[in-house]
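Asks: Pasted the sequence and its predicted model underneath.
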Amino acid sequence: MDISGHQHDLITARDAGMVACTSCGLVASPDVESCPRCHARMQSRIDGSIQRVLAWLLAGLILYVPANIYPMLRTTQMFKEQDSTIVGGVITLIHHHAYAIGAIIFIASVLIPVGKFIVIAYLAVLLSRPHTKDPHRLHILHAAVEFIGRWSMIDVFVVAILVALVQFDVLASIKPGLAAACFALSVVFTMLSAQAFDPRLIWDVTDKGTPK
Amino acid sequence: MIYDPTCIACPHCDVVYRLSAARMVTRTRCLRCGYQLTLGKSEAIARVVGLALTSTILMGIVLFAPFLYLNAGPFDSSASVVDVVLGFATGIMVPLSLAVLIFIIVVPVARSLLLIYALAPLLAGHANATGAATALRWAFVLKPWAMAEIFMVGVAVALVKIGGMATVHTGTAFWAFVLLVVVNTFQDTFMCRNTLWTSLATNTT
């Protein structure tokens, strides 16, 4: 297929009786286990992709609960201890009129993770049964989730920097809370969930003649 | 086992294409899903290796120079990137320290070294190093786990948060890290999978 071919000429590697490497793009005959060019494992469609996606997603979702209940930071200022959770930290920032920073933390720590849980669960449930959704839209959703997920780590790094810098004995000191670890793990698990997703599943529907 | 290096498939939607020699050096998108099959950068290998070397050297500066200085009344403190990484290093938070270390230092450096190992022999006109293909594949796999740019946004947020209670000055390592993020972003625009894999596979010297 030359790249100048028309859209209706498009043929998938699977329909051509071949297997494509998702790592380097090479097309090979289906009897090979690993890619002859980059040695990655070759699978026409990733085995049990949706199950893996759901397993990692569940792990991430479970850890997101303690990440919001336990304190992210423990600030000691003039012998007074103060704990702040993720949402509590955002509220404090808004009280101090730091709206932009409050918005960054809120987007990175609340909107992106929650949005990711919803989008991944939606895609996984939708693709495990016949559907009539436009694959282009689903593909954009998946690409967005994979691209944006890692940015949730911002809050973990903020905590790390504050803990390292603010160490003034009795005047002020900051210690990390349990939520920082739970949140970091939750982000890692949802990143693995998005990576376990095989985007080729989105396009298989149209190949079977299901209307777009 | 037969295969044709000009015949590639879109990793996102499985559509097969035969790329002509002219297509190898221009930007090509998948006709169905829009995935960028080739980035169309000439001299991609020379630039990737050069930028990987630059970023390794910059990381050396980042590690051994002061990152931020903080001043609050009679108290002074300074933190290097290593201090930031070790910030969690007590009790059950140790794994988190290791994770931060991996995301902001180990993975970025590992990616640079893997790219140099896999691609530098091509530039020098030597045969591929042992395991060059595995090294290049891992350089791509590790990409989402290199979080230097996210760390810099975190630094910006932390500076504003501290701003009220102390005066903060930036150190040499801070600016080296900014430069590192720029270099890595620039490098990613040259990381054309098709060009790199084709060059590696056709190196017959």
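Replies: Received the coordinates, thanks. Numbers count the residues shown, from 1 in each chain, chains lettered A, B, ... in the order given.
Asks: Contacts for the lowest-mean-pLDDT helix or strand in chain B, please.
Replies: Least confident helix or strand of chain B, by mean pLDDT, DSSP states H and E, is helix B:21-24 with a mean of 75. Contact with helix B:21-24 is made by A:3, B:38, B:194, B:195, B:198, as judged by Cβ atoms under 8 Å, 6 or more residues apart in numbering or on different chains. (Each C-beta comes from the backbone N, C-alpha and C, glycine too.)
Asks: So which bits of the longest helix along chain B are buried?
Replies: Counting by DSSP state H, the longest helix found in chain B is helix B:44-64. Across helix B:44-64, burial judged by 16 or more other Cβ atoms under 10 Å in any protein chain shown covers B:44-45, B:47-56, B:58-59, B:62-63.
Asks: now stretch A:118-134
Replies: By 16+ other Cβ under 10 Å, the buried positions in stretch A:118-134 come out as A:119, A:120, A:121, A:123, A:124, A:126, A:127, A:133.
Asks: And for stretch B:96-107?
Replies: In stretch B:96-107, counting by 16+ other Cβ under 10 Å, buried: B:96, B:97, B:99, B:100, B:101, B:102, B:103, B:104, B:105, B:106, B:107.
Asks: The third one: what's it in contact with?
Replies: What that stands for is residue B:99. A:184, A:188.
Asks: Give me the next element, helix or strand, following the helix or strand where it lies.
Replies: Under the criterion of DSSP states H and E, residue B:99 resides in helix B:94-101. Once helix B:94-101 ends, the next helix or strand along the chain (criterion: DSSP H and E) is helix B:107-124.
Asks: and that following helix, anywhere near chain A?
Replies: No: contact of helix B:107-124 with chain A (Cβ under 8 Å from any Cβ of the partner chain) is absent, the minimum separation being 10.4 Å.
Asks: so what does the helix or strand bottoming out on mean pLDDT in chain A touch, helix or strand wise?
Replies: Each helix and strand of chain A was given a mean pLDDT (mean pLDDT, DSSP H and E); the minimum falls on strand A:167-168 at a mean of 72. Contact analysis of strand A:167-168 by 3 or more Cβ pairs under 8 Å, 6 or more residues apart in numbering or on different chains; DSSP states H and E lists strand B:75-79 as its packing neighbours.
Asks: now with 10 Å?
Replies: Secondary-structure packing of strand A:167-168 (3 or more Cβ pairs under 10 Å, 6 or more residues apart in numbering or on different chains; DSSP states H and E): strand A:172-176, strand B:68-72, strand B:75-79.
Asks: orientation of the second one relative to strand A:172-176 in degrees?
Replies: Right, strand B:68-72. Counting by axes from the mean of the first three to the mean of the last three Cα atoms, to 10 degrees, strand B:68-72 lies at 130 degrees to strand A:172-176.
Asks: what angle sits between strand B:68-72 and strand B:75-79?
Replies: Going by the same axes, to 10 degrees, strand B:68-72 makes 170 degrees with strand B:75-79.
Asks: Brilliant, that's me finished.
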